[in-house]
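A.B. asks: return atomic coordinates for the entry below.
(chains A and B)
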Amino acid sequence: QQQVKQSPQSLIVQKGGIPIINCAYENTAFDYFPWYQQFPGKGPALLIAIRPDVSEKKEGRFTISFNKSAKQFSLHIMDSQPGDSATYFCAASTRDYKLSFGAGTTVTVRA
Amino acid sequence: DAGVIQSPRHEVTEMGQEVTLRCKPISGHNSLFWYRQTMMRGLELLIYFNNNVPIDDSGMPEDRFSAKMPNASFSTLKIQPSEPRDSAVYFCASSMVSEAFFGQGTRLTVV
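C.D. replies: Purely as a prediction, here's the structure:
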C-alpha cells in the first residue's frame, strides 16, 4: 500500500490560477518531503523540498505548506503557466532517503 | 556532468528472454536507487545501494529480478526470465545527500 496518499488525481486550471495538490502520510519517522515534477518521456525532477521543522517554503512560484500535527503537506503553484502542465509527485523519506512516492497529480494549465 | 545516464532508452523483448538495464550515476554520488513506474502502481522503489552495497532490496518483486553495482559508476538491473507484467518504465536515480537525480528511464515492453 502507498505510504503517501496524494490527491487529486488530476486537475485543470486556467493560466494564472493556483493549482493545489495535497498529500498525507502516516509514518511519523518521515523527515524529508520533496515534490517532483515529471514531463512526458522524462524522469522526475526535484522541484522543492521541505523538512518538518518548518511550516512553509517558497521557491519561485512554488510553495509547500506543511502541517506536522495533521501529517499533511501541499503544493501550491502560484500564477500557473501552460509550461507548468506536468505530473507532480509528492514523496517522503526517512534519513536513508529512500523515497515513497504519492500516486501523482496530472496538472493541466490552459492558456 | 551529464546527469544520470540510462541505457537503453527503449527495450522490446519477448517473454522468457533476459533483459539487462544499465545505469551510470552522477560522479561523486554515493547512493543509487532503481525505481519502476507503471500506471497501476505508480513509482515503486525496487532496490537501494549505498557505497556500492545493496542496502534494501525489499522492493524487488521476484527472484527473477536482480541488481548489481560492481563499482561507483555503474549499476545493472537484470530480469530473467522476463514476463509481460514486467512492462514498465524503469528509472535509476542517484544522490549524494537528500536530492535524488533521476535518469531518463528505460521503457521496457515484454511481448
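A.B. asks: smallest gap between chain B and chain A, at which residue?
C.D. replies: When distances are taken as C-beta to the nearest C-beta, chain B approaches chain A most closely through B:F102, which lies 3.3 Å from it. The C-beta positions use only the backbone N, C-alpha and C, and glycine is treated the same way.
A.B. asks: for that residue, list each beta-bridge partner.
C.D. replies: B:F102 forms beta bridges with B:A93, as assigned by DSSP bridges.
A.B. asks: what stretches of chain B score poorly on pLDDT?
C.D. replies: Across chain B, the ranges flagged by pLDDT under 70 are B:1.
A.B. asks: which SSE is the most centrally placed residue in it in?
C.D. replies: For chain B, the residue lying nearest the average C-alpha position, counting by C-alpha atoms, centre = their mean, turns out to be B:W34 (3.7 Å). Per DSSP states H and E, B:W34 falls inside strand B:31-38.
A.B. asks: give me the sheet partners of that strand and which way each runs.
C.D. replies: Applying DSSP bridges, one finds strand B:31-38 paired with strand B:42-50 (antiparallel), strand B:88-95 (antiparallel).
A.B. asks: which of those sits closest to B:R64?
C.D. replies: Distances from B:R64 to each of the strands paired with strand B:31-38 were compared using C-beta to C-beta; the shortest belongs to strand B:42-50, at 12.0 Å.
A.B. asks: can I get that closest one in CSV, CA atoms only?
C.D. replies: As requested, the backbone C-alpha atoms of strand B:42-50 are provided in CSV (Å, rounded to 0.1, in the frame of the first residue of the first chain):
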residue,chain,number,x,y,z
GLY,B,42,3.0,4.4,-9.7
LEU,B,43,6.7,4.8,-8.8
GLU,B,44,8.0,1.9,-6.7
LEU,B,45,11.4,1.6,-5.2
LEU,B,46,13.0,-1.7,-6.2
ILE,B,47,16.4,-1.6,-4.6
TYR,B,48,18.8,0.9,-2.9
PHE,B,49,22.6,0.8,-2.9
ASN,B,50,24.8,2.9,-0.7
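A.B. asks: ok, and what's touching it?
C.D. replies: Contacts of strand B:42-50 with the rest of the structure, by C-beta atoms under 8 Å, 6 or more residues apart in numbering or on different chains, involve A:2, A:44, A:89, A:96, A:98-104, B:30-38, B:54-57, B:59-61, B:65, B:67, B:69, B:75, B:77, B:90-91.
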